[in-house]
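sharing a model that was predicted from the sequence below.
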Amino acid sequence: MLFAVKMDVALPQDLDADVRADTLAREKAYSQQLQRDGEWVSIWRIVGQYSNLSIFDVRDNERLHEILWNLPLFPYMNIEVSPLAQHPSDISAV
Ligand SMILES: O=C(O)C[C@H]1C=CC(=O)O1
């Protein structure tokens with residue numbers, strides 16, 4: 001199942017510098033492992049925002065929830081999930 005997920009990050013200004021660095025490093029490793037595994041298909045920076053737009057390909061809603069819930073940055077994110085369906089004009093979908 002394909003999902004587009006928009007993640008807006010809002011780290012507190014007063015977050016301890018070591019906690020911040022550790023959280024960002026864990027987030028990167030977690031994201032890159034899921035990309036290698038094929039579930040996190042792509043990640044794009046939204047220009048001018050501390051946000052990303054990502055595509056996930058996961059078995060079901062529960063798996064996507066598990067992935068998002070375990071993001072190290074989850075406590076500092078606002079997340080918007082859009083389930084995707086094939087578009088009838090997509091020429092690659094024959
Ligand atoms: O920077 C972000 O957009 C937040 C986040 C999501 C994956 C990752 O590596 O960082």
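Cool, the structure landed.

for the protein, which residues score under the pLDDT cut-off?
Applying pLDDT under 70 to the chain flags residues 94.

what does it have sitting close to the ligand?
Proximity of the chain to the ligand, by C-beta under 6 Å from any ligand atom, involves residues Met7, Val9, Glu27, Lys28, Ser31, Ile43, Asn52, Leu73. No exception for glycine: its C-beta is placed from N, CA and C like everyone else's.

which one of these is nearest Asp16?
Leu73 (14.9 Å; C-beta to C-beta).

which of the residues of the chain next to the ligand fall in strands?
Among these, the residues falling in strands (DSSP state E) are Met7, Val9, Ile43, Asn52.

if any of the residues you listed are buried, put those into a PyMOL selection.
Selection of buried members from those for PyMOL, criterion 16 or more other C-beta atoms under 10 Å:
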select buried, resi 7+43+52
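
could you identify the most distant pair in the ones in strands among the residues of the chain next to the ligand?
Among these, the pair separated by the greatest distance (C-beta to C-beta) is Val9 and Ile43, at 12.5 Å.

tabulate the ones in strands among the residues of the chain next to the ligand (CSV), appending distance to Met1.
CSV is the format used below for those (distance: C-beta to C-beta, whole Å):
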residue, distance to Met1
Met7, 18
Val9, 25
Ile43, 18
Asn52, 20
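
nearest to Asn61, of the ones in strands among the residues of the chain next to the ligand?
The nearest member of those to Asn61, counting by C-beta to C-beta, is Met7 at 17.1 Å.

tell me if I'm right that that closest one and Val81 touch.
No. Shown here, Met7 and Val81 do not form a contact pair, counting by C-beta atoms under 8 Å, at 9.8 Å.

centre-most residue in this structure?
Most central residue of the chain, judged by C-alpha distance to the mean C-alpha position with C-alpha atoms, centre = their mean, is Ser54 at 5.1 Å.

correct me, but that one touches Ile46?
No. With contacts defined as C-beta under 8 Å, Ser54 does not count as touching Ile46, sitting 10.5 Å away.
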